[in-house]
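**Q** Sequence first, predicted coordinates after that:
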Amino acid sequence: MSAHRIRLRRPWLRVSAPGSTAERVDVPDPATDYDSPPTQVRYNRNFNCPTGLTDQASVRLQITSLQADHAVIRLNESMIWESDSGTHQVSAPIEVEIQTYLRTANRLEVELNRSPDKSGRPQNLTIDGEVTLLIEER
């Protein structure tokens, strides 16, 4: 059976530094050039629970591409995924079962971090791929 796809394109809020003003962005978010690249960027998006889900439904969050050295994904303040520590780049796509974390109203947060780059080369922190909910009956 094929999966029903819900794309979470907009609206997202992006915070590029602690205490900075949130910017409304669409995802995929093209790479942003910063004068002083931040070491952390947070993306937040609210969404309602898909309707018509049964107990047998599988609901997976999929992110096809992102740029970061380390990433953490939270749904309704529960950490649902974290990249392995010590890796130099998060590999995508990322796919996580989220059915048990869903509520009527949901808040998704994707935290992207970069390690200090010894070469001095700035690294963009961005979700440059699609973010999708995949729904399948088992």
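**A** On my side now, so go ahead.

**Q** shaky segments in this protein?
**A** 1-2, 31, 33-35, 85-89, 116-123 (pLDDT under 70).

**Q** List the contacts of the residue most central in space within the chain.
**A** Centre of the chain computed as the mean C-alpha position; nearest residue by CA atoms, centre = their mean is residue 110, 3.8 Å away. Applying CB atoms under 8 Å, 6 or more residues apart in numbering, we find residue 110 in contact with 42-44, 63, 66, 71-73, 127, 131. All C-beta spots, glycine's among them, are computed from the backbone N, C-alpha and C.

**Q** That one belongs to a strand?
**A** Yes. Assessed with DSSP: H, G, I helix; E, B strand; the rest coil, residue 110 lies in a strand.

**Q** so where does residue 84 fall, helix or strand?
**A** Under DSSP states H and E, no helix or strand contains residue 84.

**Q** swap that for residue 107, please
**A** Element membership for residue 107 (DSSP H and E) is strand 105-113.

**Q** Sheet partners, orientation included, of that strand?
**A** When pairs are called by DSSP bridges, strand 105-113 turns out to pair with strand 40-48 (antiparallel), strand 70-75 (antiparallel).
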